[in-house]
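Trainee: Got a sequence here, can you model it:
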Amino acid sequence: MTRVAVLYGGISAEREVSLATGVQVIAALRETGFDVDPIDVGADLGAVIRALMPKPDVVFNALHGRFGEDGAIQGVLDWLAIPYTHSGVRASALAMHKQAAKALFQSVGLPVAPGRVVPVWELETGDPMPLPYVVKPVNEGSSVGVTIVRAGDNRRTEIARSWTFGSAALVEEYIPGRELTVALLDGRALAVTEIRAVAGSFYDYESKYADGGSRHIIPAAVHPDIRDQALDVAAAAHRALGCRGATRCDFRYDDTKGEPGRLILLEINTQPGLTHTSLLPEQAAYCGMDFAQLCTWMVENASCQG
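Mentor: Below you'll find the model as predicted:
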């Protein structure tokens, strides 16, 4: 029987999301017949390594956020020569650093939002680009710390003074329109989903993970050219970063002047959520793969660079 250690929890701002993902994955793998060893990851890396001894056959990486999807735990698992799910060190680190990923996407001709990294003090002293714009951490996920600054908004100074995500922020042009996403399995794009936040126009942390926080429309009702472009761009982004396993690409689609409109790649997520409100399991189910089959596929496609 294959022994699978599930790493979940972690010490990032996304710990609660990771715990929710882990609980679902553990149940699904046990249901499928794997010998599952849950490991709630904390700040003591030595304890994590000890929990991985004797070595499992596979690690299911259910961690989200810093230290879980930025190449850190991937490097440890490569060192230990334990196969693990999702992307390796380089792809994980690049995808987590939004500006580095954007630069790579631009280099291969993918459509990204204009923007730049600015020191937080610069944000405090004035608008770094024309309004409206988006302020986001350079290396966080799940919309943690993301804020839209619009005309007449007086929160810019407050945002800068309360910033807890390092000395710089990524500021990008705000793209109006709709939120789209494409999940991929080993580079194969599954479908296009439109996400509608129930509480407003912004698909924030609460909208992503609260019951009823958003509506997911699959397949998205978009122009066929945009559907095809979203599938193609997602696959190209996965290839450009050298990702493996499951990923998810998020887009803004500006159709405010009619269709087909302007499609913008926001980011690629190398550790897509696997909670009961998450998008990857929905797209997999749409393509005929239930949650247990999805988790099994990830285990069977695990590998390492060690």
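Trainee: quick one, helices of the stretch 101-250 of the chain?
Mentor: 120-125, 156-161, 205-209, 224-241 (DSSP state H, counting those that start in this stretch).
Trainee: Who are the packing partners of the second one?
Mentor: What it means is helix 156-161. helix 120-125, strand 147-149 (3 or more C-beta pairs under 8 Å, 6 or more residues apart in numbering; DSSP states H and E). Glycine gets a C-beta too; all of them are placed from N, C-alpha and C.
Trainee: Just the CA coordinates for it, please, in PDB.
Mentor: Backbone C-alpha positions of helix 156-161 (Å, rounded to 0.1, in the frame of the first residue of the first chain) are rendered in PDB as follows:
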ATOM      1  CA  ARG A 156      -3.800  55.100   0.100                       C
ATOM      2  CA  THR A 157      -1.900  56.500   3.100                       C
ATOM      3  CA  GLU A 158      -3.600  54.100   5.500                       C
ATOM      4  CA  ILE A 159      -2.800  51.200   3.200                       C
ATOM      5  CA  ALA A 160       0.900  52.200   3.200                       C
ATOM      6  CA  ARG A 161       1.200  52.800   6.900                       C
END
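Trainee: in that helix, what counts as buried?
Mentor: In terms of neighbour count (16 or more other C-beta atoms under 10 Å), helix 156-161 has its buried residues at Arg156, Ile159, Ala160.
Trainee: do the same with the longest one
Mentor: Within helix 224-241, the residues that qualify as buried are 226-227, 229-231, 233-238, 240-241, counting by 16+ other C-beta under 10 Å.
Trainee: Between those residues, which sits nearest Ile39?
Mentor: Closest approach to Ile39 among the buried residues of helix 224-241 (C-beta to C-beta): Leu241, at 26.8 Å.
Trainee: who does the residue lying closest to Ile175 once chain neighbours are set aside bridge with?
Mentor: Computed as C-beta to C-beta, 6 or more residues apart in numbering, the closest residue to Ile175 that is not its neighbour in sequence is Arg252, at 3.8 Å. Counting by DSSP bridges, Arg252 is bridged to Glu179, Ile264.
Trainee: residues near the closest residue to Trp163 other than its chain neighbours, how many?
Mentor: Spatial nearest neighbour of Trp163, excluding adjacent residues (C-beta to C-beta, 6+ apart): Val120 at 4.9 Å. Look at Val120: counted by other C-beta atoms under 10 Å, it has 17 neighbours.
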